[in-house]
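Visitor: Show me the folded form of this:
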Amino acid sequence: MPFTQDFAPPGREPRRPARTAPARLPGLRRPAAAVAAAVALALALAGCGGTTGSGPKQAAAKGGSDGTDRVEPLAATPVPELPVTVDSADGTEVTVTSADRIVPLTGSLNEIVFTLGLGKHVVARDITATFEQAADLPVVTRAHDVSAESVLSLKPTLVLADTTTGPAEAIDQIRDAGVPLLVVEPAEELDDVARRIGTVAAALGVEEAGTELEERTAARLAAVRADVPEHGDKPRVAFLYLRGSASVYLLGGARSGASSLLEAVGAVDAGKASGLTKDFTAITSEALAKAAPDAILVMTKGLESVGGIDGMLKIPGVAETPAGLDRRIVSVEDGVLLNYGPRTDQVLADIVGQLYPEGGGTR
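Guide: Numbering: from 1, shown residues only. Purely as a prediction, here's the structure:
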């Protein structure tokens, strides 16, 4: 039967051992797969409930006017025009004949399907799909591994995955059961958002809705970028991935997934600028000194897991950075920060609001 819940309380291990990196589908590569796996594992370890009031300003990357964690579907509900045959990222062709029962296997893919207006057809969710409209759906993943049995028990007519989804045996089992399964290339920067939306929309037979959502998303991203306050020297911002409950303390590099966001708001990715060419490296005093961040970007639950700002300053090297000395911390919700989807404009707006609280100065 599908998992109805897969979140372990803080400080407890998940109900089965989880790998620290996801199985990758043959022939596919994703430079940022490490953070995707770490995010999913840490969410399972630390829980994915609502944030508390500790730490800095809460993230604004939420779709509800009342501050609830919601996506904003298109105004008109599209009607899928099927069948369609689309190319999967793993080199296969997938023919979709029905969008009646959809299982997206990542939080980002869930978000895209719901925002396209087809949420009523979604019958399961990934553990990282934490927005309100998906909250009551059964969870079919654990620490970024999918349970083929749980998926198949829901009798899906389409399964959506990306290159971080595994293990490969589960993907094969779903396909061997005759279920159309589309692998979508992941997004690692802002330029990938439209492609992902278009790919999902094409597979669902709602290309016009996909175009509408692409245009809406692009316009909102452009509006946020145009409103970045004028400022002097570009602030250096380090992305730290923290999970105190799992003793995970990492400094993001060029391939962490955060660079595009930081550059879009007029900042410099401090880890990338310091010469870190991979995704993450263990935090050391030396690495932080070289990065010399003026501000630090973290996920909200990660910050909470180390005891807020005071706890983070106890991590070796953090207190000695300009960011640590100024307590200049930018916190964004785990479930949206690196999604690169329909709510990324809200992520950018939240980073801008926290990074430039006084509206900046002169460029």
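Visitor: Please point out which parts of stretch 265-275 sit buried.
Guide: Within stretch 265-275, the residues that count as buried by 16 or more other C-beta atoms under 10 Å are 265-274. From N, CA and C alone the C-beta is placed, and that goes for glycine too.
Visitor: do the same with stretch 133-146
Guide: For stretch 133-146, a neighbour-count test (16+ other C-beta under 10 Å) marks 133-134, 137-146 as buried.
Visitor: Also stretch 294-308?
Guide: Neighbour counts using 16+ other C-beta under 10 Å place 294-306, 308 of stretch 294-308 among the buried residues.
Visitor: tally of neighbours for the closest residue to E185 other than its chain neighbours?
Guide: Spatial nearest neighbour of E185, excluding adjacent residues (C-beta to C-beta, 6 or more residues apart in numbering): A89 at 4.7 Å. Counted with other C-beta atoms under 10 Å, the neighbours of A89 add up to 18.
Visitor: My understanding was that L348 contacts A223; is that so?
Guide: No. L348 is beyond contact range of A223, at 9.6 Å (criterion: C-beta atoms under 8 Å).
Visitor: ok, those two, which is more surrounded?
Guide: Between L348 and A223, L348 has the larger neighbour count (other C-beta under 10 Å), namely 25 against 12.
Visitor: Need the three-state assignment for that one.
Guide: Classification of L348 by DSSP: H, G, I helix; E, B strand; the rest coil places it in helix.
Visitor: Apart from its neighbours in sequence, what residue is nearest it?
Guide: Leaving aside its chain neighbours, L348 sits nearest to V224 (4.5 Å; criterion: C-beta to C-beta, 6+ apart).
Visitor: go on, G311?
Guide: Of all residues not flanking G311 in the chain, G244 sits nearest, at 7.1 Å (C-beta to C-beta, 6+ apart).
Visitor: was I right about the one you found contacting G308?
Guide: No. Between G244 and G308 there is no contact under C-beta under 8 Å: 10.5 Å.
Visitor: Which ones among the buried residues of stretch 265-275 map onto helices?
Guide: Residues of the buried residues of stretch 265-275 located in helices (DSSP state H): 270-273.
Visitor: From S98, how far off is A170?
Guide: 22 Å (C-beta to C-beta, to the nearest Å).
Visitor: mind listing the helices for the chain?
Guide: Going by DSSP H, the chain shows helices at 33-46, 107-113, 148-153, 168-176, 193-204, 207-226, 259-264, 270-273, 285-291, 300-305, 308-312, 322-326, 334-337, 344-355.
Visitor: how about those in CSV, adding mean pLDDT and distance to V237?
Guide: Formatted as CSV, the helices of the chain follow (pLDDT from 0 to 100; distance: least, C-beta to C-beta, whole Å):
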stretch, mean pLDDT, distance to V237
helix 33-46, 50, 16
helix 107-113, 96, 22
helix 148-153, 97, 38
helix 168-176, 96, 36
helix 193-204, 98, 21
helix 207-226, 97, 16
helix 259-264, 97, 5
helix 270-273, 98, 6
helix 285-291, 97, 9
helix 300-305, 96, 15
helix 308-312, 97, 15
helix 322-326, 98, 8
helix 334-337, 90, 13
helix 344-355, 96, 7
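Visitor: To A75, which of those lies closest?
Guide: Proximity to A75 (C-beta to C-beta) singles out helix 207-226 among the helices of the chain, at 9.0 Å.
Visitor: which outside residues touch that closest one?
Guide: For helix 207-226, the external contacting residues (C-beta atoms under 8 Å, 6 or more residues apart in numbering) are 74, 76, 78, 112, 115-117, 190, 193-194, 197-198, 200-202, 264-265, 341-342, 344-345, 348-349, 352.
Visitor: so can I have JSON lines of the helices of the chain showing distance to L251?
Guide: Converted to JSON lines, the helices of the chain look like this (distance: least, C-beta to C-beta, whole Å):
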{"stretch": "helix 33-46", "distance to L251": "12"}
{"stretch": "helix 107-113", "distance to L251": "24"}
{"stretch": "helix 148-153", "distance to L251": "35"}
{"stretch": "helix 168-176", "distance to L251": "30"}
{"stretch": "helix 193-204", "distance to L251": "25"}
{"stretch": "helix 207-226", "distance to L251": "26"}
{"stretch": "helix 259-264", "distance to L251": "13"}
{"stretch": "helix 270-273", "distance to L251": "5"}
{"stretch": "helix 285-291", "distance to L251": "5"}
{"stretch": "helix 300-305", "distance to L251": "13"}
{"stretch": "helix 308-312", "distance to L251": "13"}
{"stretch": "helix 322-326", "distance to L251": "12"}
{"stretch": "helix 334-337", "distance to L251": "16"}
{"stretch": "helix 344-355", "distance to L251": "18"}
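Visitor: among those helices, which is nearest F239?
Guide: Among these, the nearest to F239 by C-beta to C-beta is helix 270-273 (6.4 Å).
Visitor: got the contact list for the closest one?
Guide: Residues contacting helix 270-273 (C-beta under 8 Å, 6+ apart): 236-239, 251-254, 256, 259, 281, 291-294.
Visitor: One more pass at 6 Å, please.
Guide: The contact list for helix 270-273, computed with C-beta atoms under 6 Å, 6 or more residues apart in numbering, reads 236-238, 251-254, 259, 291, 293.
Visitor: Which ones among those map onto strands?
Guide: Using DSSP state E, the members of these that fall in strands are 236-238, 251-252.
Visitor: from those, which would you call buried?
Guide: Buried by 16+ other C-beta under 10 Å: 236-238, 251-252, out of the ones in strands among the contacts of helix 270-273.
Visitor: wait, which of the residues you listed is closest to T164?
Guide: The shortest approach to T164 among these belongs to G252, at 16.8 Å (C-beta to C-beta).
Visitor: which strand residues sit across from the nearest residue to that closest one once chain neighbours are set aside in the sheet?
Guide: Excluding its sequence neighbours, the residue lying closest to G252 (C-beta to C-beta, 6+ apart) is F239, at 3.5 Å. For F239, the beta-bridge partners are L297 (DSSP bridges).
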